[in-house]
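**Q** I'll drop the sequence and a predicted model, then ask my questions.
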Amino acid sequence: MSYDKELDAAKNAASLAARLCQKVQKALLQADVQSKSDKSPVTVADYGSQAVVSVVLQKELGSASFSLVAEEDSGDLRNEEGKATLQRIMKLVNETLASDGTYGTAPLSEEDVLAAIDSGRSEGGPSGQHWVLDPIDGTKGFLRGDQYAIALGLLDEGKVVLGVLACPNLPLSSLASHNLQDDQDKVGCLFYAQVGSGTYMQSLDGSTPIKVHVTDLDNPEEASFFESFEAAHSLHDLSSLIAKKLGVKAPPVRIDSQAKYGALSRGDGAIYLRFPHKGYREKIWDHAAGYLVVAEAGGVVSDAAGNPLDFSKGRYLDLHEGIIVTNQKLMPALLKAVKESLNEKASSL
Ligand SMILES: Nc1ncnc2c1ncn2[C@@H]1O[C@H](COP(=O)(O)O)[C@@H](OP(=O)(O)O)[C@H]1O
Ligand SMILES: [Mg+2]
Ligand SMILES: [Mg+2]
Ligand SMILES: [Mg+2]
């Protein structure tokens, strides 16, 4: 089965949402110190991005059987305190849709925007088709001016069949070959994958797509690994222990969001380790798009016991301990290092 039409719609939706987010992040970073502590810009961009994706997908594909599992809902926007924020979101969404020419024929009302956001209340599950959206993944990175992603996947009968990652701040050239502070580098990547068809990357402003592949490295000593920038999202000590056992020499590369999956899919690094603190449950929108982008680029994504991720269980993923990602060659040694490290950690408690 081909998902070409859905893929085109998803690329348009994520690119346009990225345009909205870029505009907000630019204004945020130019703002004075006092308004920088105001968290509302990310809220506006988050809801705005979700509304744009929902509107574009429904305009392109029809709304009859549309199902969207998305991170945000409009609850806070429907009360008195949310009124001003809703106004800002509506303006931003209309400006963004109008900037494209294809979608902005009639401006959306407040009610339209709320409805678009709330179309993301689906529970997903094992049957039928469901879109899976993280309108801004890496909100902490977005606020810092660092990495974030618009992550959009499609589930069909419980399996991820499309993955699109828009990464507005990710350099087009490899992270391995330059320093993130270098202003000379062109940024803004769009990664996309359709099941069975490989993974491609193009610039967000629309360059010719190139096929990407994970690294073919088999020597862990030459490997580098990604993890969350935020220590609250992943146990940095445990990753260091695993990397040491494996023989990795390079220090961790810490970046926010599913940009990690994108970077890994083109071989910028060889490993991604994610071990949430006890009790945290991973959500499907934090991994669905990234998973397929890496898998179609030849990589392997599993939980800490080597089980594949199961996206068919609703809004959450049920995992053993954490998520590990690498290429086929390194996976057996990585799994061994993970098991040993987890045992060591358990016996030291
Ligand atoms: N305590 C926690 N442990 C693990 N993940 C968490 C977390 N708190 C938030 N997250 C998730 O981590 C995501 C960001 O991942 P990363 O650290 O790779 O940038 C967040 O996505 P959002 O920013 O979309 O909310 C959020 O869903
Ligand atoms: Mg997220
Ligand atoms: Mg998010
Ligand atoms: Mg969040």
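**A** Arrived safely. Residues are numbered from 1 along each chain as shown. Ligands and ions are numbered 1, 2, ... in the order given.

**Q** buried residues in stretch 22-41?
**A** Buried residues in stretch 22-41, defined by neighbour count with 16 or more other CB atoms under 10 Å: Gln22, Lys23, Val24, Gln25, Leu28, Pro41. Every residue, glycine included, has its C-beta placed from N, CA and C.

**Q** and if you look at stretch 155-173?
**A** Residues of stretch 155-173 classed as buried by neighbour count (16+ other CB under 10 Å): 155-156, 160-173.

**Q** Then stretch 204-216?
**A** Leu204, Val212, Val214, Thr215.

**Q** now do stretch 140-158
**A** Quick answer for stretch 140-158 (16+ other CB under 10 Å): 140-143, 146-156.

**Q** Endpoints of it, how far apart?
**A** By CA to CA, to the nearest Å, the extent of stretch 140-158 from end to end equals 30 Å.

**Q** Please apply the same query to stretch 254-269.
**A** Stretch 254-269 end-to-end distance (CA to CA) = 11 Å.

**Q** what about it, near ligand 1?
**A** Yes. Using CB under 6 Å from any ligand atom, stretch 254-269 reaches ligand 1 at Asp256, Ser257.

**Q** quick one: is that stretch near ligand 3?
**A** No. Using CB under 5 Å from the ion, stretch 254-269 never reaches ligand 3; the gap is at least 8.5 Å.

**Q** Tell me if that stretch is near ligand 2.
**A** No. Judged by CB under 5 Å from the ion, stretch 254-269 and ligand 2 are separated, with a smallest distance of 7.0 Å.

**Q** what sits opposite the residue in the stretch 1-150 of the chain that ligand 2 sits nearest to in the beta ladder?
**A** Proximity of the stretch 1-150 of the chain to ligand 2 (CB to the ion) peaks at Asp137, 3.6 Å away. With DSSP bridges as the criterion, Asp137 is bridged to Ala149.

**Q** Can you pull up the residues of this protein that come close to ligand 3?
**A** Glu71, Asp134, Ile136, Asp137.

**Q** Output the residues you listed in JSON lines; the columns should cover pLDDT, distance to ligand 1 and neighbour count.
**A** JSON lines is the format used below for those (pLDDT from 0 to 100; distance: CB to the nearest ligand atom, whole Å; neighbours: other CB atoms under 10 Å):
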{"residue": "Glu71", "pLDDT": "97", "distance to ligand 1": "6", "neighbour count": "21"}
{"residue": "Asp134", "pLDDT": "98", "distance to ligand 1": "5", "neighbour count": "32"}
{"residue": "Ile136", "pLDDT": "98", "distance to ligand 1": "6", "neighbour count": "29"}
{"residue": "Asp137", "pLDDT": "98", "distance to ligand 1": "4", "neighbour count": "27"}
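
**Q** out of these, who's nearest Leu330?
**A** Asp137 (25.0 Å; CB to CB).

**Q** show me the contacts for that closest one.
**A** By CB atoms under 8 Å, 6 or more residues apart in numbering, the residues touching Asp137 are Tyr148, Ala149, Ile150, Ala151, Ser257, Gln258, Trp285, Asp286.

**Q** Go again with 7 Å.
**A** For Asp137, the contact set (CB atoms under 7 Å, 6 or more residues apart in numbering) comprises Tyr148, Ala149, Ala151, Ser257, Gln258, Asp286.

**Q** and what of Glu340?
**A** Contact partners of Glu340, counting by CB under 7 Å, 6+ apart, are Lys245.

**Q** so what pLDDT did it get?
**A** Model confidence at Glu340, given as pLDDT, is 98.

**Q** separation between it and ligand 1?
**A** 23 Å (CB to the nearest ligand atom, to the nearest Å).

**Q** Next one: the helix or strand harbouring Ile324, is it in contact with ligand 1?
**A** Assigned by DSSP states H and E, Ile324 belongs to strand 323-327. No. Judged by CB under 6 Å from any ligand atom, strand 323-327 and ligand 1 are separated, with a smallest distance of 10.0 Å.

**Q** Out of the buried residues of stretch 204-216, which comes closest to ligand 3?
**A** Leu204 (18.3 Å).

**Q** Just the pLDDT for the residue lying closest to that closest one once chain neighbours are set aside.
**A** Distance criterion CB to CB, 6 or more residues apart in numbering; nearest residue to Leu204, sequence neighbours excluded, is Gly188 at 3.6 Å. As summarised for this prediction, Gly188 has a pLDDT of 98.

**Q** repeat for Asp182
**A** Taking Asp182 on its own, its pLDDT is 58.

**Q** ok, now the one 10 residues further on?
**A** Turning to Tyr192, the model gives it a pLDDT of 99.

**Q** Let me know the helix or strand that it is in.
**A** Tyr192 belongs to strand 187-194, assigned by DSSP H and E.
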